[in-house]
Structures are given as structure tokens and as C-alpha cells.
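*Asks:* The sequence isn't on hand, but the structure is:
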């Protein structure tokens with residue numbers, strides 16, 4: 001016997017039932033099954049035997065708010081986020097992004113409501129209607145599940161786990177964990193084998209299909225020597241500051257026969273402070289587009305005859321974005337009207353000339369930090385070969401970011417973001433959308449002035465105008481960025497690589 005709770009955000013009951021019975025990983029994180037008899041909630045891929053009485057919840061937070069505890073076998077903390085609610089311009093998506101960035105760690109709910117321009121009561125009502133729980137409930141569950149993952153997968157001291165999860169004191173953490181999960185943090189820690197060493201390893205779950213090789217290909221073409229290293233199986237980069245540098249590596253999690261353990265990337269984190277860890281995970285989930293729902297995206301875009309075969313051929317293609325917003329914006333400007341290789345050469349010169357060298361490499365090939373806005377605001381960029389106009393645009397960009405005229409605040413809608421950035425001299429609409437795509441991973445970013453796209457859509461040697469392309473892409477909303485990635489990938493296929501070599505993506 002099953003019931004639906006918070007049904008607005010849930011798949012229909014039949015779909016939930018089929019996904020649960022078949023342990024379909026495509027629905028992982030889109031709903032949770034709470035077992036009435038045990039008061040435990042599970043992921044759809046849980047290997048535990050099927051219960052007779054259960055309730056479906058739209059979110060882990062809603063299940064916990066109803067008194068259920070997370071399953072220790074399938075571990076709900078490993079579920080990818082529901083990309084339907086966490087991406088795009090919808091008010092709920094922007095509010096969730098702010099919560100993920102930690103706005104409620106130190107500020108009241110009224111501050112969140114003000115940032116998304118809605119009344120506090122209305123915001124609470126929206127969350128309850130769509131997710132079955134208040135914003136503070138989402139925030140609390142997010143912290144506790146991250147703490148649970150750290151307790152299970154690492155040997156971090158419990159005090160550091162509390163700090164990493166955003167708790168101000170060990171006492172508050174212990175009390176919250178005990179109240180929610182009916183066990184003390186130390187009791188959960190006893191159930192795991194200690195893994196010594198300084199490297200912190202975490203699973204970053206995703207919803208299949210996921211083309212990690214294509215993601216690495218994209219990043220490899222653009223990797224900055226000294227800042228990033230992309231080999232055949234992993235992505236690595238320097239993080240932090242010159243005073244407290246660290247580095248990370250992302251690779252595919254080793255294959256497992258257990259569905260609950262499969263479909264994840266492996267994060268290896270070195271030198272990060274506990275207070276940075278939640279932000280690192282948040283950035284990487286955006287950068288590698290781990291919360292996307294391929295099923296919903298493919299279903300929407302497949303209505304277009306041009307996109308249908310591309311989606312079928314590369315169902316796991318995602319929207320890659322950059323680690324840092326400023327770095328991505330600078331590289332978008334540098335990449336204007338030059339090849340990918342040329343843009344990479346210029347960005348490498350900029351990084352080595354103006355970035356901070358580390359006293360010693362953190363790992364092979366990782367010895368530099370990308371320059372900060374204050375360094376580039378008045379820098380003589382002509383010394384690295386940038387044209388006068390391009391150098392001026394980079395300086396203007398850095399100053400505008402320092403002055404607050406532009407930013408990467410997640411409550412910005414795509415239109416607001418691109419209008420602000422596009423108003424800067426030397427930026428324009430096309431580069432503003434490129435920045436939205438590479439800096440924020442916005443799912444609907446669409447550089448309609450891009451020549452590659454204008455030729456790729458008709459695919460017969462002709463070219464659409466920006467106006468015609470925008471009109472054609474209206475039916476692709478809110479997933480236009482995924483269409484862009486598929487069309488770019490198709491345009492750079494083996495048969496077209498020579499003719500398209502001088503075209504570039506930032």
C-alpha cells in the first residue's frame with residue numbers, strides 16, 4: 001500500500017511504483033520511499049526488500065520532517081539533487097541555489113525571501129507546496145546528510161565534520177543529529193572501518209546516463225597548465241589561496257554491482273579546510289552538471305527533429321561549466337574570435353604572468369592560482385599578447401565585479417544576468433550568454449549570435465540569423481543550453497573538425 005506526500009513535485013504514483021520495483025537509477029533523487037513500519041526512508045535504487053506499507057516523498061527533507069530516518073544501506077545522502085527544482089529561473093530554483101550556497105547558515109529566512117524578492121510567508125508556502133517542507137527544513141537536512149556522508153566515508157574528527165556541515169558548535173551538531181537520526185554521530189562512525197590518510201574521498205552521485213568522457217574532453221581542450229590537469233581518466237585543479245592552497249581530483253567512481261553505489265564520481269580532496277568542503281562539493285556538482293535529469297531534458301528536446309538524433313547518440317551529454325565565475329568570465333572574453341587552442345594559450349599566459357605561483361607544486365602540474373579581479377583591474381595585459389580592446393574589456397570586467405555592477409548571485413534570472421553583463425563595453429549578448437553557460441551552468445543560456453550555432457541548426461550549409469535561431473529555439477526552453485552543447489559537439493565531429501577548427505567556445 002502506497003501514498004503520495006507532497007505530490008506536486010513527485011512523479012505520478014504509477015511511475016514511482018515502477019521505478020521503485022525496478023530500482024531505476026534514472027529516478028534517483030526525484031523521490032524517496034518512506035517505510036511506515038521501520039520509519040526509514042530510501043532511494044528508489046535501495047537493495048532492501050520491498051515493504052508493504054510506504055509513502056512517497058518529493059525530497060529527503062520532507063521525509064525527515066515527517067519523522068523518517070535515512071536508510072543506512074542505500075544512503076540517501078548520495079542521491080543527486082532534483083535538477084527540476086535546482087536549475088533555471090524559477091523562484092524555487094533560485095532559492096534552493098541560495099540555500100546550497102549557505103545563506104541560511106548565518107542569516108534568517110527573511111534574508112532568503114528578500115534575495116528572491118518574495119514575502120517570507122509566501123516563500124515558506126511555496127516550499128511546502130512543492131517540496132513538502134519549509135526552506136529551513138531543506139537547509140537542515142542538507143547539512144545533516146552531508147555530515148552523515150563525511151562520518152561514513154572519511155576519518156575526519158567529529159568536531160571537523162560538524163564544522164564542515166555548517167554547525168557552529170559540536171554540541172549543536174550532536175543534538176541535531178541525535179534528534180533527526182536517533183543515534184549519536186559517534187555511533188554511526190563505529191559502523192565504518194577507519195580509512196587513515198590526509199586525502200578525503202567522497203562520492204558525488206549523478207542520474208544516468210552520464211558521459212564523463214565527453215566532459216573530460218571538453219575540459220581537456222581548455223585546461224590551463226599549472227592551474228588544471230586533465231588526463232585520460234580525471235580532472236584536477238588548484239583551489240584555495242596562496243596562503244592556504246589545496247587541490248582536488250575528480251574521476252569516475254569504480255564500478256560496482258550495487259545500484260545504490262553506482263553512478264557516481266569520486267572526489268579526492270587535499271588541503272581543504274572543513275569550512276570549505278560543502279562549497280567545494282556544491283561547485284563541483286554545478287561544474288560537472290551532476291543534478292541534471294536527462295530523462296526530462298531528452299523528453300523535452302526530442303520534439304525537435306534536428307536534436308532528436310543527437311540526443312539519441314549522446315544521451316549522457318551534460319552542460320560543463322567552470323570552477324570559478326571570474327575565471328570563466330575572463331576566459332570567455334579572451335576566447336572571443338579566436339580558436340580554442342589560441343584562447344587557451346592566451347589564458348595560460350595570463351595565468352602564469354599575473355596569477356600566484358605556489359612555493360611548491362601541490363601535485364604534478366599544479367603550481368599556480370588564477371589571478372584575482374583586483375590584480376587584473378589595472379594590469380598591463382598587452383604583455384601577454386591581448387589586443388588593446390580585449391585587454392580593456394578584461395580590466396573593465398574585473399572592475400565591474402569589484403564594484404558590484406555585475407556578479408554571479410544565484411538569485412539573478414538569466415535575463416537579469418545577461419543584461420547586466422551584456423551592458424559592459426566589449427561584452428555584448430553573445431559573450432554574456434557564454435558567461436552564463438560557463439560560469440553558472442545555466443540550463444537555458446543561449447548565445448544566439450554564435451556563428452557555429454547559426455550554421456549547425458539548418459545543417460545544410462545555410463545559416464540562420466540570430467533572430468531566426470532564437471525563434472527556432474523557443475520550444476527548447478528551459479533547456480536551450482543542452483541543445484547548444486549537442487549542436488557544438490555535432491559541429492566539431494570528425495568530418496567537420498577541419499572546417500570548424502577556427503571557431504571557438506570560451
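*Replies:* Structure received. This structure is a prediction, so every number in the text was calculated from the model and none was measured.

*Asks:* For stretch 398-407, what is the distance to the chain centroid?
*Replies:* Stretch 398-407 has its C-alpha centroid displaced from the chain centroid by 23 Å (Cα atoms, centre = their mean, to the nearest Å).

*Asks:* One more: stretch 141-149?
*Replies:* For stretch 141-149, the distance to the chain centre is 18 Å (Cα atoms, centre = their mean).

*Asks:* now do stretch 74-81
*Replies:* On Cα atoms, centre = their mean, the centre of stretch 74-81 falls 15 Å from the chain's centre.

*Asks:* cool, and stretch 446-466?
*Replies:* With Cα atoms, centre = their mean, you get 28 Å for stretch 446-466.

*Asks:* Could I get the average pLDDT for that stretch?
*Replies:* For stretch 446-466, the mean per-residue pLDDT is 94.

*Asks:* From one end of it to the other, what's the distance?
*Replies:* Start-to-end span of stretch 446-466 (Cα to Cα, to the nearest Å) is 11 Å.

*Asks:* Show the contacting residues for residue 170.
*Replies:* Neighbouring residues of residue 170 by Cβ atoms under 8 Å, 6 or more residues apart in numbering: 158, 159, 162. The C-beta positions use only the backbone N, C-alpha and C, and glycine is treated the same way.

*Asks:* Tell me the most packed of those residues, by neighbour count.
*Replies:* Most neighbours among the contacts of residue 170, by other Cβ atoms under 10 Å: residue 162, with 25 neighbours.

*Asks:* and the strand or helix carrying it, how far out from the chain's middle?
*Replies:* Element membership of residue 162 [criterion: DSSP states H and E] is helix 158-164. On the basis of Cα atoms, centre = their mean, helix 158-164 sits 23 Å off its chain's mean C-alpha point.

*Asks:* quick one: average pLDDT of the helix or strand that it is followed by?
*Replies:* Per DSSP H and E, the first helix or strand lying C-terminal to helix 158-164 is helix 170-181. Averaging the model's pLDDT scores along helix 170-181 yields 95.

*Asks:* ok, now stretch 378-392?
*Replies:* For stretch 378-392, mean pLDDT rounds to 96.

*Asks:* hang on, the earlier thing: I would like the residues contacting the helix holding residue 162, please.
*Replies:* Under Cβ under 8 Å, 6+ apart, the answer for helix 158-164 is 146-147, 150-151, 154, 156, 169-170, 172-174, 185-186, 189, 274-275, 277-278.

*Asks:* that older thread, what's the closest of the contacts of residue 170 to residue 336?
*Replies:* residue 162 (46.0 Å; Cβ to Cβ).

*Asks:* quick one: the closest one from residue 173, how far?
*Replies:* According to Cβ to Cβ, to the nearest Å, residue 162 stands 4 Å off from residue 173.

*Asks:* May I ask which helix or strand encompasses the closest residue to residue 271 other than its chain neighbours?
*Replies:* Closest residue in space to residue 271, ignoring its immediate chain neighbours: residue 246 at 3.1 Å, by Cβ to Cβ, 6 or more residues apart in numbering. Assigned by DSSP H and E, residue 246 belongs to strand 245-252.

*Asks:* Okay, buried residues for that strand please.
*Replies:* Residues 245, 246, 247, 248, 249, 250, 251 are the ones in strand 245-252 that count as buried (16 or more other Cβ atoms under 10 Å).

*Asks:* next SSE after that strand?
*Replies:* Next along the chain from strand 245-252, counting by DSSP H and E, comes strand 264-270.

*Asks:* What residues sit buried inside that next one?
*Replies:* Applying a neighbour-count criterion of 16+ other Cβ under 10 Å, one finds 264, 265, 267, 269, 270 buried in strand 264-270.

*Asks:* on that earlier part again, now do the strand holding residue 246 against strand 264-270, angle only.
*Replies:* Interaxial angle, strand 245-252 versus strand 264-270 (axes from the mean of the first three to the mean of the last three Cα atoms, to 10 degrees): 160 degrees.

*Asks:* hmm, who's touching strand 245-252?
*Replies:* By Cβ under 8 Å, 6+ apart, strand 245-252 touches 204, 212, 233-240, 265-272, 276, 280, 284, 288, 358, 362-363, 366, 369.

*Asks:* Now stretch 356-366: average pLDDT?
*Replies:* The model assigns stretch 356-366 a mean pLDDT of 95.

*Asks:* and it, how far apart are its ends?
*Replies:* For stretch 356-366, the end-to-end distance is 12 Å (Cα to Cα).

*Asks:* Run through who's touching it.
*Replies:* 225-229, 236-238, 241-242, 245-247, 249, 270-271, 367-369, 371.

*Asks:* Quick check on those: which are buried?
*Replies:* By 16+ other Cβ under 10 Å, the contacts of stretch 356-366 give 226-229, 236-238, 245-247, 249, 270-271, 367-369, 371 as buried.

*Asks:* low-confidence ranges in the stretch 201-350 of the chain?
*Replies:* 256-261 (pLDDT under 70).

*Asks:* Residue 57 reaches residue 76, doesn't it?
*Replies:* No - Residue 57 lies out of contact with residue 76 (Cβ atoms under 8 Å); the separation is 10.3 Å.

*Asks:* anything in contact with each of the two?
*Replies:* Common contacts of residue 57 and residue 76 (Cβ under 8 Å, 6+ apart): 32, 41.

*Asks:* and the most centrally placed residue in the chain, what is it in contact with?
*Replies:* For the chain, residue 286 is the residue whose C-alpha lies nearest the centre (Cα atoms, centre = their mean; 1.1 Å). Contacts for residue 286 (Cβ under 8 Å, 6+ apart) come out as 321, 440, 441.

*Asks:* do residue 112 as well
*Replies:* If you count contacts by Cβ under 8 Å, 6+ apart, residue 112 has them with 95, 98, 99, 103, 104, 123, 135.

*Asks:* Residue 244 now?
*Replies:* Contacts of residue 244 by Cβ under 8 Å, 6+ apart are 271, 273.

*Asks:* Quick check: the gap between it and residue 351.
*Replies:* Taking Cβ to Cβ, one finds residue 244 at 19 Å from residue 351.

*Asks:* again, but for residue 138
*Replies:* The value you get for residue 138 to residue 351, if Cβ to Cβ is used, is 37 Å.

*Asks:* Ok, residue 303 next?
*Replies:* 42 Å.

*Asks:* Which one's more surrounded, these two?
*Replies:* Ranked by neighbour count (other Cβ under 10 Å), residue 303 and residue 351 place residue 351 first, with 24 against 10.

*Asks:* so where does the more buried one fall, helix or strand?
*Replies:* helix 340-354.

*Asks:* So this structure: which segments form each domain?
*Replies:* Following automatic domain parsing, the chain resolves into domains at 2-83, 87-189, 201-294.

*Asks:* Those: which one's closest to residue 429?
*Replies:* Per Cβ to Cβ, nearest to residue 429 of those: domain 87-189, 16.9 Å.
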